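[1] Okay, sequence plus prediction incoming.
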Amino acid sequence: MVGLAPEGQDMPGRLGQPPTGAGTFIALLVGAGLPVGVAEHRGRLRVSFGPLFEPAIPRDRAKRDAAVAGQVTAAIARQLPL
């Protein structure tokens, strides 16, 4: 099992935007995976696993990076505390 942090950094209190290229990289590795939200919530580490997820990968290479990164970010965001 491999875990990716598409934001590439620790962003306390918020979900960051993945850097350019993160979506393309994830598209190369894609296979059914679990989106996982990891956050500090009320002084405790909270880990939440979502349902199996496989992003839709556009054929258009120019749109691939942003499209995949956006889908992955949205799936992770659904696992974070409100």
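    Yes, it's here.
[2] only C-alpha atoms for contact and neighbour calcs from this point on.
    Noted.
[3] Can you list the low-confidence ranges for the protein?
    Scanning the chain for pLDDT under 70 picks out 1-14, 31-32, 82.
[4] give me that answer again for 80
    Scanning the chain with the threshold set as pLDDT under 80 gives 1-19, 22, 25-39, 81-82.
[5] got the residue ranges for the strands in it?
    36-41, 44-49 (DSSP state E).
[6] can you redo the ones you listed as a markdown table with distance to Ala62 and mean neighbour count?
    Conversion of the strands of the chain to a markdown table gives the following (distance: least, Cα to Cα, whole Å; neighbours: other Cα atoms under 10 Å):
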| stretch | distance to Ala62 | mean neighbour count |
| --- | --- | --- |
| strand 36-41 | 27 | 18 |
| strand 44-49 | 30 | 12 |
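[7] quick one, which of the ones you listed is nearest to Asp60?
    strand 36-41 (27.3 Å; Cα to Cα).
[8] In its sheet, which strands sit next to the closest one, and in what direction?
    strand 44-49 (antiparallel) (DSSP bridges).
[9] Can you tell me what sits against the strand it pairs with?
    Leu34, Pro35, Val36, Gly37, Val38, Ala39, Glu40, Gln79, Leu80 (Cα atoms under 8 Å, 6 or more residues apart in numbering).
[10] one step back: tabulate the strands of the chain (JSON lines), appending distance to Val72.
    Output for the strands of the chain, formatted as JSON lines (distance: least, Cα to Cα, whole Å):
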{"stretch": "strand 36-41", "distance to Val72": "10"}
{"stretch": "strand 44-49", "distance to Val72": "13"}
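[11] Those: which one's closest to Ile57?
    Among the strands of the chain, strand 36-41 sits nearest to Ile57 (Cα to Cα), with 19.8 Å.
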